[in-house]
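1. Sequence below, structure please.
(one chain, ligands or ions: 2)
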Amino acid sequence: MNDKNSIQDFIPMTDEQKFFFDLRGWLLLPSVLNAEEIDVMKAEVYSGAKNSYEGLQSLLDHPSIVGILNELLTEQPFAKEECYGFRCEGSFTTIRKPGWNTKDRSDGGMPHVVRPPQQANAMRYQVAGKKIFSGLTRVVWELEEVKAGQGGTSFLSGSHKAHFNYGGPNPYAPNIGGSPWEESMRAAMEDYSCPAGSVVIFTESLVHAANDWTNPDNPRCAVFNCYNSIWAQWHKLNLSHEIIEAMPPKRRSLFRGTWAIGGGPNGNREYSLENRSL
Ligand SMILES: O=C(O)CCC(=O)C(=O)O
Ligand SMILES: [Fe+2]
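-> Residues are numbered from 1 along each chain as shown. Ligands and ions are numbered 1, 2, ... in the order given. Model (predicted):
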């Protein structure tokens, strides 16, 4: 795997990917990791991913997603040779054995969003000047096979651009709870089948849900990484300075402080103990 990630090292987002991401709010990249890479990452997750990013950190700026995150989150002049133009918010891993149920989640599997896209705010999906800004953006690494309808994350495609609320009593609620249309919205949701080593990218403005894992053949084993604009933060960082400090410098820049002006002529490019997101 590539640890340097110079500015030329990534794979650009294609026009086709841009079209479908904008249309649906999510994108599947099948079979990104090879068998050996899958084994290494899976072993890390199954052994508890104790220092989460330590063994999984090469996924954070994997060349297959950097070009896409540049399109989705970066204003071009802010992508530099020595630092990324987007930031990482945090990460979690999941192992869901056959029979795993959404009751184990605090949201109980309720379809939800970061913030409803009907109001303007710093997390919302927008397009201007032929440029996407995807707001809070999730990258899911599926390390085991996923079969459609058997427990992958599901999406209400297009809902990241919905102009009308979900029908529930509170238009600010970040989920579809209490909506008289809950069943028809759930019925309209779609998901994906993919081999192990695939990536799913979605805007958190899209209505999405966790689902019961009913696939009897293998568990779900996935890494969920979250990204944002270098000027916006949603999650509190769940990663120690020691782990970030040990990363290569460009990868470290994913965790630099969330600000733009006031730090000298070069602006905000380098991660340090004094310049980190908290
Ligand atoms: O667990 C899942 O499938 C959904 C996770 C989720 O809601 C998210 O990544 O924002
Ligand atoms: Fe979510």
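
2. Tell me how many other residues crowd K18.
-> Per other CB atoms under 10 Å, the neighbour tally for K18 reads 18. (Each C-beta comes from the backbone N, C-alpha and C, glycine too.)

3. Contact partners for it?
-> E71, I132 (CB atoms under 8 Å, 6 or more residues apart in numbering).

4. Name the residues of this protein found near ligand 1, please.
-> R138, T153, E204, H208, A210, F224 (CB under 6 Å from any ligand atom).

5. can you rerun that using 8 Å?
-> 94, 105, 107, 112, 114, 138, 140, 151-154, 202, 204, 208-211, 220, 222, 224, 226 (CB under 8 Å from any ligand atom).

6. Among these, which lie within helices?
-> Residues from the residues of the chain next to ligand 1 lying in helices, with DSSP state H as the criterion: none.

7. Of those residues, just the buried ones, PyMOL syntax please.
-> Selection of buried members from those for PyMOL, criterion 16 or more other CB atoms under 10 Å:
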select buried, resi 94+112+114+138+140+151+152+153+154+202+204+208+209+210+211+220+222+226
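
8. Any idea what the closest residue to ligand 1 within the stretch 1-150 of the chain is bridged to?
-> Of all residues in the stretch 1-150 of the chain, R138 sits closest to ligand 1, at 4.6 Å by CB to the nearest ligand atom. Beta-bridge partners recorded for R138 (DSSP bridges): F202, C226.

9. Contacts only, for it.
-> R138 neighbours (CB under 8 Å, 6+ apart): V200, I201, F202, T203, E204, F224, N225, C226, Y227.

10. One more: T93?
-> Counting by CB under 8 Å, 6+ apart, T93 touches V45, A49, S52, L56, C221, A222, V223, F224.

11. any idea which of the contacts of R138 is the one closest to A122?
-> Distances from A122 to the contacts of R138, taken as CB to CB, are shortest for E204 (12.1 Å).

12. Shouldn't E89 be within a strand?
-> Yes - secondary structure of E89 (DSSP: H, G, I helix; E, B strand; the rest coil): part of a strand.

13. so it touches S229, yeah?
-> No - E89 is beyond contact range of S229, at 10.3 Å (criterion: CB atoms under 8 Å).

14. So for these two, which sits in the more crowded spot?
-> Taking other CB under 10 Å, E89 and S229 do not tie; E89 has more neighbours (25 against 22).

15. who touches the more buried one in this structure?
-> Contacts for E89 (CB under 8 Å, 6+ apart) come out as L136, C226, Y227, N228, Q233, W234, H235, L237.

16. What pLDDT does the model give it?
-> Note for E89: predicted pLDDT of 94.

17. and if you look at N238?
-> Per-residue pLDDT puts N238 at 86.

18. And the most centrally placed residue in the chain, how close does it get to G167?
-> With distances taken as CA atoms, centre = their mean, R138 lies nearest the centre of the chain, 1.3 Å away. Using CB to CB, to the nearest Å, we find R138 at a distance of 24 Å from G167.

19. Pull up the gap between the residue in the stretch 51-200 of the chain positioned nearest to ligand 1 and N228, please.
-> Closest approach between the stretch 51-200 of the chain and ligand 1, counting by CB to the nearest ligand atom: T153, at 3.5 Å. T153 sits 19 Å away from N228, going by CB to CB.

20. repeat for E245
-> E245 is 21 Å from N228, by CB to CB.

21. Could you say which helix or strand holds K18?
-> helix 15-24 (DSSP states H and E).

22. May I see the buried residues of that helix?
-> Buried residues in helix 15-24 (16+ other CB under 10 Å): Q17, K18, F21, D22, R24.

23. Sweet, I'm off.
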